[in-house]
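A.B. asks: Below: sequence and its predicted model.
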Amino acid sequence: MGNSIVTLNSVCKGFNDGDKHHQVLDNTNLQLAPAETVALTGPSGCGKSTLLNIIGGFEFIDSGNLSLFGNNTADWHDSQWSQYRRSNLGVVFQQFNLLTPLNVKDNIAFSLRLSQQHWSPWCDHLIDLLGLSAVKNRHIEALSGGQQQRVAIARALAHKPQLLLADEPTGNLDENAGRDVMTLLTELAKESQTSILMVTHSAECAAFMQRRWHLEQGHIHE
Ligand SMILES: Nc1ncnc2c1ncn2[C@@H]1O[C@H](COP(=O)(O)OP(=O)(O)OP(=O)(O)O)[C@@H](O)[C@H]1O
């Protein structure tokens, strides 16, 4: 197991849909090391988002073992999950969950406060590199989808998490903007030594990651 930050051992997860059972993870094993970046691919409905949700503690496994940062999560209470999310985790999901009445800076500051951190030069660096300087005082609702996506990335990295879970982080961007964001995301993650697990349907985005995991019929192939 070494020093892996995410370890799944024989994890099973399924959903009942009427009288049908959909087995999404079937004795799935994986390990993610510190500062490692992985693209997660697979056909629609194979369970990519479910896997991200499980690692983020937003959904729970049916059986098997999930360890995060060397700790078995089996007996974690809500407070341990919250602590993990606040200190170690950044997420960029398809719904950005930005606070629309607030401006860009306040969205980032709000999330920092949740992690009990203060504004730092790193936050200005993020805003700058993500091309948000000119709109940092603008309310979220006055931004384009692509700008909101970049705010979501800045917010997810502001507290320098050790793990970033991203679900199609360039889904709202055109090809060029998507490439720019991927370049920045990987640069920023490298600077802060953040591991990335990123769901993507794009081979071009996947190529930015060091490893590729393909999820199909409950199993991961590399
Ligand atoms: N809360 C839930 N209740 C019931 N079924 C669910 C639930 N969440 C996911 N599923 C089902 O589990 C399967 C995997 O869904 P998931 O969203 O993880 O797939 P995905 O690979 O991310 O798909 P896509 O690429 O289309 O986003 C799907 O069949 C989905 O309908």
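C.D. replies: Happy to help now that I have it.
A.B. asks: Can you classify residue 43 as helix, strand or coil?
C.D. replies: coil (DSSP: H, G, I helix; E, B strand; the rest coil).
A.B. asks: ok, it touching residue 214?
C.D. replies: No - shown here, residue 43 and residue 214 do not form a contact pair, counting by CB atoms under 8 Å, at 9.3 Å. To be clear about C-beta, it is placed using only N, CA and C from the backbone, and glycine gets the same treatment.
A.B. asks: Those two: which is more packed in?
C.D. replies: residue 214 (16 against 12; other CB atoms under 10 Å).
A.B. asks: Was I right to think that one contacts residue 39?
C.D. replies: No - counting by CB under 8 Å, residue 214 stays clear of residue 39, with 9.2 Å between them.
A.B. asks: Could you show which parts of this structure are in contact with the ligand?
C.D. replies: 15, 17, 22, 24, 42, 44-50 (CB under 6 Å from any ligand atom).
A.B. asks: Hmm, which of these is lowest in pLDDT?
C.D. replies: pLDDT across those is at its lowest for residue 17, which sits at 87.
A.B. asks: To what extent is it buried, counted in neighbours?
C.D. replies: Other residues close to residue 17 by other CB under 10 Å number 8.
A.B. asks: Where is the longest helix in this structure?
C.D. replies: helix 175-191 (DSSP state H).
A.B. asks: Determine the set of other helices and strands touching that one.
C.D. replies: helix 121-129, helix 145-157, strand 195-199, helix 203-206 (3 or more CB pairs under 8 Å, 6 or more residues apart in numbering; DSSP states H and E).
A.B. asks: Mutual contacts of residue 43 and residue 214, please.
C.D. replies: Counting by CB atoms under 8 Å, 6 or more residues apart in numbering, residue 43 and residue 214 have no shared contacts at all.
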